[in-house]
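Enquirer: Got a predicted structure here, sequence first:
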Amino acid sequence: MPPGPWPNGAQAAVCLTFDNMGEAADLNRKLWPSSQAIGSHFTVTKVIPLFLDMVRKYDIPITYFAESWNLGVYPDTITRIADQGHEVAWHAWQHEAWGSECKEEADERRNFERSFGKEEGIAGFLGAGGRDEGSKVKRYRGFRPPGGSIHGERTLKMCREFGLGWISPAAEEGALVPLSDGQDSIVVLPFRWSTVDAYYYMEQFSKLRESKGVYPAEPQTSDVLIQSFREQLDETIEKNGFLSFLFHPFLHDPEDRRQAMDGFLQHLAKLRDEGKIWLGRGSEVEQWIREHPTVVDSDPQWDNSTWM
């Protein structure tokens, strides 16, 4: 097999990504009990440390999409993730469904401003006298919109305005999308619904499973998830493409799911060690694509499906 187009001749580029932190999504959806304290969510106290141990074992870098609300609630966890060599990327302020809650331009801009701002956002977190002295937390470079959908070029241009270089919405292929008549561009490193753990595990995704026509409405097992992930990985290697896998800590409290994930990480590490795939953080993949623009097309093949 001839060398591939990715670093060190790898046949495919792969991002291992984690989404959501703590109570943010439940608070946004008004599902968090008012009587329950905030600041000790089981994902932060139990699951994320186990995730970090797993990726450390296999020396796999991750990109963690965390809501900016967490900067003030779980600063130590944010810092720990970055200090262990991983990328912290943006996942809205408090997991607002981007397609509906940020439908109006003013709402979208307010979410950006709050998340990037000096009072509650990343600028304040990184500000003078802040927690970043000696830490590796950086200003956001990547964004994954909760729910997967965006508002076309408006969202892409706003990303660039706030200093983002790449975005990870729902789509099929990695792409370098031109903006402003070719005067600017943004890298799209998408997730597919079929590479999301929730697509297999959650009851709420029944309609999406049915609409895709691959699985029945009923939630699927970890064996089904792993088989699908491995098949999609093989296909991506065959076509020298990009693929992102997405795991949610709140879905991996059960031991059997963590064991399945551990086995999949071992498989990723094996393919990396064989030189077949490159495991990169989102910003590293963005940089490679900008330096080698022919490695991807300009059309990410947007997916406007929704699980809601």
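Expert: Received it, and whenever you're ready, just let me know what you need.
Enquirer: buried stuff in stretch 84-93?
Expert: For stretch 84-93, the neighbour count (16 or more other C-beta atoms under 10 Å) marks His86, Glu87, Val88, Ala89, Trp90, His91, Ala92, Trp93 as buried. The C-beta positions use only the backbone N, C-alpha and C, and glycine is treated the same way.
Enquirer: Tell me the gap between that stretch and the middle of its chain.
Expert: Here the centre of stretch 84-93 is set off from its chain's centre by 8 Å, with C-alpha atoms, centre = their mean, to the nearest Å.
Enquirer: what does that stretch rub up against?
Expert: 19-21, 52, 55-56, 61-69, 78, 81-82, 98, 102, 111, 114-115, 122, 136-138, 140-146, 164, 168, 281-283 (C-beta atoms under 8 Å, 6 or more residues apart in numbering).
Enquirer: mind saving the C-alpha coords of it as PDB?
Expert: Below are the C-alpha coordinates for stretch 84-93, written out as PDB (Å, rounded to 0.1, in the frame of the first residue of the first chain):
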ATOM      1  CA  GLN A  84      -2.300  16.100  30.200                       C
ATOM      2  CA  GLY A  85      -1.700  17.100  26.600                       C
ATOM      3  CA  HIS A  86      -5.300  17.200  25.300                       C
ATOM      4  CA  GLU A  87      -7.100  20.000  23.500                       C
ATOM      5  CA  VAL A  88     -10.100  21.800  25.200                       C
ATOM      6  CA  ALA A  89     -12.500  22.900  22.500                       C
ATOM      7  CA  TRP A  90     -15.800  24.800  22.700                       C
ATOM      8  CA  HIS A  91     -19.300  23.300  23.100                       C
ATOM      9  CA  ALA A  92     -21.400  26.400  23.500                       C
ATOM     10  CA  TRP A  93     -22.100  28.200  26.800                       C
END
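Enquirer: Quick one: the strands in this structure, in order.
Expert: 12-19, 62-66, 87-90, 142-143, 166-167, 175-179, 184-188, 242-247, 277-279 (DSSP state E).
Enquirer: Of these, give the one that comes closest to Tyr199.
Expert: strand 242-247 (8.9 Å; C-beta to C-beta).
Enquirer: Against which helices or strands is that closest one packed?
Expert: If you count contacts as 3 or more C-beta pairs under 8 Å, 6 or more residues apart in numbering; DSSP states H and E, strand 242-247 packs onto strand 12-19, helix 197-201, helix 222-238.
Enquirer: from the buried residues of stretch 84-93, which is closest to Cys159?
Expert: Nearest to Cys159 among the buried residues of stretch 84-93: Trp90, at 9.3 Å, using C-beta to C-beta.
Enquirer: follow-up on the earlier one: now which of the contacts of stretch 84-93 would you call buried?
Expert: 19-21, 52, 55, 61-69, 78, 81-82, 98, 102, 111, 114-115, 122, 137, 140-146, 164, 168, 281-283.
Enquirer: Single out the most deeply packed of the helices and strands packed on strand 242-247.
Expert: Mean neighbour count (mean count of other C-beta atoms under 10 Å) peaks for strand 12-19 among the helices and strands packed on strand 242-247, with a mean of 25.
Enquirer: Okay, now the sheet partners of that strand, with direction.
Expert: strand 62-66 (parallel), strand 242-247 (parallel), strand 277-279 (parallel) (DSSP bridges).
Enquirer: Next, the angle helix 222-238 makes with that strand.
Expert: 140 degrees (axes from the mean of the first three to the mean of the last three C-alpha atoms, to 10 degrees).
Enquirer: Just the C-alpha atoms of strand 12-19, please, in PDB.
Expert: Taking Å, rounded to 0.1, in the frame of the first residue of the first chain, the C-alpha atoms of strand 12-19 are listed here in PDB:
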ATOM      1  CA  ALA A  12      -6.400   8.200   7.600                       C
ATOM      2  CA  ALA A  13      -6.600  11.000  10.200                       C
ATOM      3  CA  VAL A  14      -8.700  10.200  13.300                       C
ATOM      4  CA  CYS A  15      -9.800  12.500  16.100                       C
ATOM      5  CA  LEU A  16     -11.000  10.900  19.400                       C
ATOM      6  CA  THR A  17     -13.400  13.400  21.000                       C
ATOM      7  CA  PHE A  18     -15.400  13.700  24.200                       C
ATOM      8  CA  ASP A  19     -18.500  15.900  24.600                       C
END
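Enquirer: Quick one: neighbours of the residue lying closest to Ser222 once chain neighbours are set aside, just the number.
Expert: Sequence neighbours aside, Ala260 is the residue nearest to Ser222 in space, at 3.6 Å (criterion: C-beta to C-beta, 6 or more residues apart in numbering). Using other C-beta atoms under 10 Å, Ala260 has 20 neighbouring residues.
Enquirer: Fine by me, thanks again.
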